[in-house]
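**Student:** Sequence below, structure please.
(chains A, B, C and D)
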2 protein chains.
Amino acid sequence: MNEEIAVGAFGALSNASRLQVLKLLVQAGPTGLTAGAIAQGLGASPSRASFHLAALAEAGLLTAERVSRQIIYRVDFAVIGAIVGYLLHDCCQGQVRADAPDNNQAGATKPAQGGPCC
Amino acid sequence: MNEEIAVGAFGALSNASRLQVLKLLVQAGPTGLTAGAIAQGLGASPSRASFHLAALAEAGLLTAERVSRQIIYRVDFAVIGAIVGYLLHDCCQGQVRADAPDNNQAGATKPAQGGPCC
DNA sequence: TTGACATTTCAATGATTCTTGAAGTAACAT
DNA sequence: ATGTTACTTCAAGAATCATTGAAATGTCAA
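**Tutor:** Have a look, this model is predicted:
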């Protein structure tokens, strides 16, 4: 993970439709979802969905697998973990701890030289 | 933290200059940095630095404090923690673990129903 | 081979974003 | 008041991104 890749990934995530695609694919789990199913779940035209899927795949966040006529997309959790790791450690030098679930209204700052982050 | 705020934050992070501003401010720690020092560290014109600082502050990633003639910017670690928490838990349902430091080339995926994330 | 289906690519348009330099605002010192 | 310093805002042009619908590609079934 380097800066260029991180910038691309953040760009891919900076769009509500694409964030929704990500959520749909996370919910779908390892089975993944076809492009058509994603377009439907998104309420978008096939070409618009394809555009957003291409942006996410280009950023490395998604994998695509052709199965017969359909193309199945899946989240690449490893890449997301790497991006979060980059933000936490390369950018913020470990001075940030990710909010716990259901505590997302205020972040828990770490006192600079605290214990392990994760 | 909601989707709209997260989209804005990712947009703010999707630019190499702004990522560099973030790194400079993390290095500076709680003391923060003046707009002029940031422009210098960035090798950018004052107006360009101001533009990027405004984008980061608009996204909530930075705080600004006027001290006499200068404006001191600081990272808001809490907001960054909230964004990471949103990505990890709201988007990815806890199925992702942030990469550890120095392990940023391949993400550590969690087997879906594994232990606590952080 | 013809037709149907699933998806992507292309072209055109409109909307944002980036960048630059000039002008404007705020705070202070003399 | 005047000048200086520190920043921001504005305006204009270039570049990038988003959206739409039409055309193209790849796959399968009859």
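**Student:** Any idea how many residues pack against the residue nearest to A:Arg18 when sequence neighbours are not counted?
**Tutor:** Spatial nearest neighbour of A:Arg18, excluding adjacent residues (Cβ to Cβ, 6 or more residues apart in numbering or on different chains): A:His52 at 5.0 Å. For the C-beta atoms, the positions are set from N, CA and C on the backbone; glycine is no exception. Residues contacting A:His52 under the criterion other Cβ atoms under 10 Å in any protein chain shown number 22.
**Student:** unless I'm mixing things up, A:His52 is touching A:Leu19, no?
**Tutor:** No: counting by Cβ atoms under 8 Å, no contact exists between A:His52 and A:Leu19, whose distance comes to 9.9 Å.
**Student:** Which stretches in chain A count as helices?
**Tutor:** Using DSSP state H, the helices of chain A run over A:3-13, A:16-28, A:35-42, A:46-58, A:77-85.
**Student:** Make sure A:Gly32 is actually in contact with A:Leu25.
**Tutor:** Yes: with contacts defined as Cβ under 8 Å, A:Gly32 counts as touching A:Leu25 at a distance of 6.7 Å.
**Student:** residue contacts, the residue nearest to A:Arg18?
**Tutor:** Taking Cβ atoms under 8 Å, 6 or more residues apart in numbering or on different chains, we find A:His52 in contact with A:Asn15, A:Ser17, A:Arg18, A:Val21, A:Leu42, A:Ala44.
**Student:** which of those tops the neighbour count?
**Tutor:** Neighbour counts for these (other Cβ under 10 Å) peak at A:Val21, which has 27 neighbours.
**Student:** Against DNA strand D, which of the contacts of A:His52 make the cut? List them.
**Tutor:** Restricting the contacts of A:His52 to those adjacent to DNA strand D (criterion: Cβ under 7 Å from any atom of the strand) gives A:Asn15, A:Ser17, A:Ala44.
**Student:** Need the overlap of contacts for A:Gly32 and A:Leu25.
**Tutor:** Taking Cβ under 8 Å, 6+ apart as the contact criterion, the common neighbours of A:Gly32 and A:Leu25 are A:Tyr73, A:Arg74.
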